[in-house]
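1. from the sequence below, what's the structure:
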Amino acid sequence: MKQFAKVKNSDPSFRYIGRDAYIKGQYLLVYGYGIYTTPDFTRAYYVSGNKKLKGYREGPQRYARYGHITGIVTNSTSSRHIWIADLGNNCIRTVNRTDHTSKELVGACEHPSVKDGIFGVARIAYPFEMAISPLEKKKVYFFERVAETLRCLERVGLTWQVRTVLYLRQKIYGMNFDPNGDYMYFSTKSSIIRASSTWSTPAVDLISGTGHNDGALDSAKVQEASSMLFLNNDTFLFADSNNHVIRVVDLSSSSVSTVCIPQTSDAEFLTGSISTCKFIAPRYLYKFKDSWKVFIIGDHTVYELKYTGESKLSSLNDAFG
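-> The predicted structure is shown next:
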């Protein structure tokens, strides 16, 4: 594991990373309150918003203003549009990639409320994370923080609507489907839970306990689990932010292991093998489908974890202007 890129600690923080379906081979990255597209984290191009200025304003590119962006997906029916969970403005917004113009998609921005129904009628309070079902591409899920529920943006015929599908009754820090779409996994401050994608049964704990402990799932402990990344249907990684490590869950053996050395205070970065390395507060994980690299996003640093080979260190300070 090595440090791949870094910005100054006084700069805005990284908030989210995902695939850019509009420009092949690039990433969408939320940096502060701006949305960028980047091929390599050394060159970056504005999509919408401003990295240092928050607020609410619709319009073209740098004119637009966002609150706390907590999720981005590409509209499953059109790669020209991205959908944005804007928790700070209480709505889900969209950006047209051809003219870089933003607009409200669903909910009444700056007016938090919870109500299911068709777009235009439905209301959203505090949307967190977004995930598309591998089985049903016309369904986009997000967590509603104020109601602690999982809600779905779904297309029925020619009409889009919002529907509540699962009551979780606890705050989550991350969510993701397994590759087969059989389960949705959720991370919380002290647990990993999952629910069947039929949404017919309550979510159940896989890991539950505060601290750091590897081994069997039923004895493992975490300290603020967040982003999750599946390598295959039986293996996934998750960021254990307050332990400053990445955890590896092997569902086939019902076990948990750790990448890098756990740290509880005064965390530091140290390059090296997975048994000797250290990093600081991992938040988000991302991997291209056929890549051997996992990008680990901290507040001000991008780490690169490779199965084999070397990586490089480069500066982002000039790229994200």
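
2. rest of the way, CA atoms for contacts and neighbours
-> Fine.

3. output the below-cut-off pLDDT ranges for the chain.
-> 1-7, 289-290, 307-321 (pLDDT under 70).

4. if you set the cut-off to 50 instead, what comes out?
-> Applying pLDDT under 50 to the chain flags the ranges 309-321.

5. helices of that one, start to end?
-> Using DSSP state H, the chain contains no helices.

6. quick one: the residue lying closest to Phe14 once chain neighbours are set aside from Gly18, how far?
-> Closest residue to Phe14 apart from its sequence neighbours, by CA to CA, 6 or more residues apart in numbering: Tyr31 at 4.5 Å. Counting by CA to CA, to the nearest Å, the separation of Tyr31 from Gly18 is 12 Å.

7. quick one: which of these two has more around it?
-> Just comparing Tyr31 and Gly18: by other CA atoms under 10 Å the higher neighbour count belongs to Tyr31, 23 against 20.

8. ok, now which ones touch the more buried one?
-> Contacts for Tyr31 (CA atoms under 8 Å, 6 or more residues apart in numbering) come out as Pro12, Ser13, Phe14, Arg15, Tyr16, Lys51.

9. swap in Gly107?
-> Per CA under 8 Å, 6+ apart, neighbours of Gly107: Asn90, Cys91, Ile92, Phe119, Gly120, Val121, Ala122, Arg123, Ile124, Ala125.

10. out of these, who's nearest Arg163?
-> Ala122 (8.8 Å; CA to CA).

11. how about that closest one, phi and psi?
-> Torsion angles at Ala122 (phi, psi; degrees, to the nearest 10) stand at phi -60, psi 150.

12. roughly how far does it sit from Ile72?
-> From Ala122 to Ile72 the distance is 19 Å (CA to CA).

13. Tyr16 versus Gln263, what's the distance?
-> Counting by CA to CA - Gln263 and Tyr16 are separated by 23 Å.

14. of these two, who's got more company?
-> Counted by other CA under 10 Å, Gln263 and Tyr16 do not tie: Tyr16 has more neighbours, with 24 against 18.

15. need the contact list for that one.
-> Leu29, Val30, Tyr31, Ile69, Thr70, Gly71, Ile72, Tyr284, Ile297.

16. just the ones of these in strands?
-> Residues of these located in strands (DSSP state E): Leu29, Val30, Tyr31, Ile69, Thr70, Gly71, Ile72, Tyr284, Ile297.

17. redo those as TSV? Include distance to Arg97.
-> Below are the ones in strands among the contacts of Tyr16 laid out as TSV (distance: CA to CA, whole Å):
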residue	distance to Arg97
Leu29	14
Val30	15
Tyr31	18
Ile69	17
Thr70	19
Gly71	17
Ile72	13
Tyr284	24
Ile297	24
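
18. of these, keep whichever come out buried.
-> Leu29, Val30, Tyr31, Ile69, Thr70, Gly71, Ile72, Tyr284, Ile297 (16 or more other CA atoms under 10 Å).

19. from Glu144, how far off is the residue nearest to Ser241 when sequence neighbours are not counted?
-> Spatial nearest neighbour of Ser241, chain neighbours left out: Ala281 (4.7 Å); criterion: CA to CA, 6+ apart. Remark: distance between Ala281 and Glu144 (CA to CA) = 25 Å.

20. please apply the same query to Lys52.
-> 26 Å.

21. same check, this time on Ile23
-> Distance from Ile23 to Glu144, by CA to CA: 30 Å.

22. neighbour-wise, which of the two wins?
-> The neighbour comparison of Ile23 against Glu144 (other CA under 10 Å) goes to Glu144, with 25 against 15.

23. next up, the contacts around the closest residue to Gly49 other than its chain neighbours.
-> Leaving aside its sequence neighbours, Gly49 sits nearest to Gly34 (CA to CA, 6+ apart; 4.3 Å). For Gly34, the contact set (CA under 8 Å, 6+ apart) comprises Tyr46, Val47, Ser48, Gly49, Asn50, Lys51, Lys52, Tyr66.

24. so how far is Ser13 from Gly34?
-> From Gly34 to Ser13 the distance is 10 Å (CA to CA).

25. go on, Met228?
-> Met228 is 19 Å from Ser13, by CA to CA.

26. and those two? Which one has more around it.
-> For Met228 and Ser13, the more surrounded residue by other CA under 10 Å is Met228, and the numbers stand at 28 against 20.

27. now do the contacts for the closest residue to that one other than its chain neighbours.
-> Of all residues not flanking Met228 in the chain, Phe238 sits nearest, at 4.2 Å (CA to CA, 6+ apart). If you count contacts by CA under 8 Å, 6+ apart, Phe238 has them with Ala225, Ser226, Ser227, Met228, Leu229, Ile246, Arg247, Val248, Leu285.

28. please report how far Phe238 lies from Val114.
-> Phe238 is 30 Å from Val114, by CA to CA.
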